[in-house]
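**Student:** Any chance you could fold what I've pasted below:
(one chain, ligands or ions: 2)
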Amino acid sequence: MVKLIPLCSLFLLMACGSAGSPEQGTTTTTTPQTPVTTSKAPTFEADSAYTYVANQVAFGPRVPNSKAHKQCGDYLAAELTRFGAQLYVQEANLKAYDGTLLEARNLIGSYNPELSKRVLLFAHWDSRPYSDHDPDPANLRKPLDGADDGASGVGVLLEIARQLGQQAPNIGVDILFCDAEDYGTPEFVDDYQPDTWCLGSQFWAKNPHVKNYKAEFGILLDMVGGKGATFFREFQSMRSAAPIVQMVWSKARDLGYGKFFINADGGAITDDHQYVISGRGIPSIDIINYDPDTETGFASYWHTQKDNMDNIDRETLKAVGQTVLEVIYNQ
Ligand code: AHN
Ligand code: ZN
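**Tutor:** Numbering: from 1, shown residues only. Ligands and ions are numbered 1, 2, ... in the order given. Have a look, this model is predicted:
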């Protein structure tokens, strides 16, 4: 263990093999889609991803410093290990907007760690401590389930990890579960400070799990489980990685998922990809459910008590997961 920065202490632990978790989502009944192009990619099992989402939600809200957060972090680390990844656990005490020290953990699962050509896949695994967009004022300070906001992206990446463990890709792949993304300044606080969101990815970008870490590109999954989700071309993704957006959206269309991946520009969203772009120079895109018809740009249940399993749809998980698998296995 190495202490690095006075405020944030960093511990890098490495573990290989061992740990397993008894209950798990497994393969069953999703009808495989016939791809337009031939592909070497394995079939993404939506039932399996759905179970990984439900398993996270079952711990309760994964708010940093809570018991559910600790337990869920242990679960995710065990799952990455079970799926054959080389696991890195990065611990840091990160300062929230209100001065609270968050005991945060970024978890990284690496495949083909020796290869220099790599792709980074990431999602945040914490859930928001507030429901500050809830229509009922009595709910504003309640933590939420974060079934879509948090758990969905991680659920898709766990199923991708399971597939990577069964069939090695030709390139290196790193799956990064970022902590403390969603502890940003709540709406009910006036005081403005920059950079209060994405604390885990900010820390990782300054202290990557591997010295001088680099990847060809990064794909962030955020809110990828909602029924009828629509993914627009996000502004910062286009600025940093337009060819990657193009490739992913056209792959999705070829697979028959054009109703989810919309060929139109969405807004500019502050999210984990921003710090991966600015801090590490890795061109990165954000696949995020964007609704041009709501005031926030997000789904109606975003940052409310309604962000629960009722909104999670296997078809959306499948569209995102299969698209990302196709990208990985055709590099
Ligand atoms: C802001 O709300 C500033 N950005 C959206 C990032 C986010 C929050 N993603 C999920 N929750
Ligand atoms: Zn959020």
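**Student:** Would you mind naming what in the chain lies close to ligand 1?
**Tutor:** By CB under 6 Å from any ligand atom, the part of the chain that sits against ligand 1 consists of D149, D182, G184, W197, D222, I269, T270, D271. Every C-beta, even on glycine, is put in place using the N, C-alpha and C of the backbone.
**Student:** Now do the same contact list for the residue in the stretch 1-150 of the chain positioned nearest to ligand 2.
**Tutor:** Across the stretch 1-150 of the chain, the shortest distance to ligand 2 (CB to the ion) belongs to D149, at 4.1 Å. With CB atoms under 8 Å, 6 or more residues apart in numbering as the criterion, the residues that contact D149 are S127, R128, D182, D222, M223, W302, H303, D307.
**Student:** Keep only those of those that are in strands.
**Tutor:** When DSSP state E is applied, these are split such that D222 fall in strands.
**Student:** quick one: the strands in the stretch 1-150 of the chain?
**Tutor:** In the stretch 1-150 of the chain, the strands defined using DSSP state E, counting those that start in this stretch lie at 11-15, 86-95, 101-111, 118-124.
**Student:** Output these as CSV; include the columns distance to T230 and mean neighbour count.
**Tutor:** Output for the strands of the stretch 1-150 of the chain, formatted as CSV (distance: least, CB to CB, whole Å; neighbours: other CB atoms under 10 Å):
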stretch, distance to T230, mean neighbour count
strand 11-15, 38, 13
strand 86-95, 32, 20
strand 101-111, 29, 23
strand 118-124, 18, 26
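**Student:** Grab the nearest non-local neighbour of the residue nearest to the spatial centre of the chain.
**Tutor:** For the chain, A123 is the residue whose C-alpha lies nearest the centre (CA atoms, centre = their mean; 1.3 Å). Taking CB to CB, 6 or more residues apart in numbering as the measure, A123 lies nearest to G153, with 2.9 Å between them; neighbours along the chain are not counted.
**Student:** Quick one: residues contacting that neighbour.
**Tutor:** Contacts of G153 by CB under 8 Å, 6+ apart are A123, H124, L220, L221, D222, M223, V224, G225.
**Student:** Go again with 10 Å.
**Tutor:** By CB atoms under 10 Å, 6 or more residues apart in numbering, the contact list for G153 reads 53, 121-125, 177-178, 181, 220-225, 272, 287-288, 317, 320.
**Student:** so where does it fall, helix or strand?
**Tutor:** Remark: G153 resides in helix 153-166, with elements defined by DSSP states H and E.
**Student:** From the residues of the chain next to ligand 1, list just the buried residues.
**Tutor:** The neighbour-count test (16 or more other CB atoms under 10 Å) marks D149, D182, G184, W197, D222, I269, D271 as buried among these.
**Student:** Restricted to helices, list those residues.
**Tutor:** Using DSSP state H, no member of these falls within helices.
**Student:** need these in TSV with pLDDT, can you?
**Tutor:** Listed next are those as TSV, based on pLDDT from 0 to 100:
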residue	pLDDT
D149	99
D182	98
G184	98
W197	98
D222	98
I269	97
D271	98
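**Student:** Quick check: the residue of the stretch 151-300 of the chain nearest ligand 2.
**Tutor:** Nearest residue of the stretch 151-300 of the chain to ligand 2 (CB to the ion) works out as D182 at 4.1 Å.
**Student:** wait, doesn't that residue sit right on Y130?
**Tutor:** Yes: proximity of D182 to Y130 meets the contact threshold set by CB atoms under 10 Å, at 8.9 Å.
**Student:** Overlap in contacts, these two.
**Tutor:** V63, P143, L144, H303.
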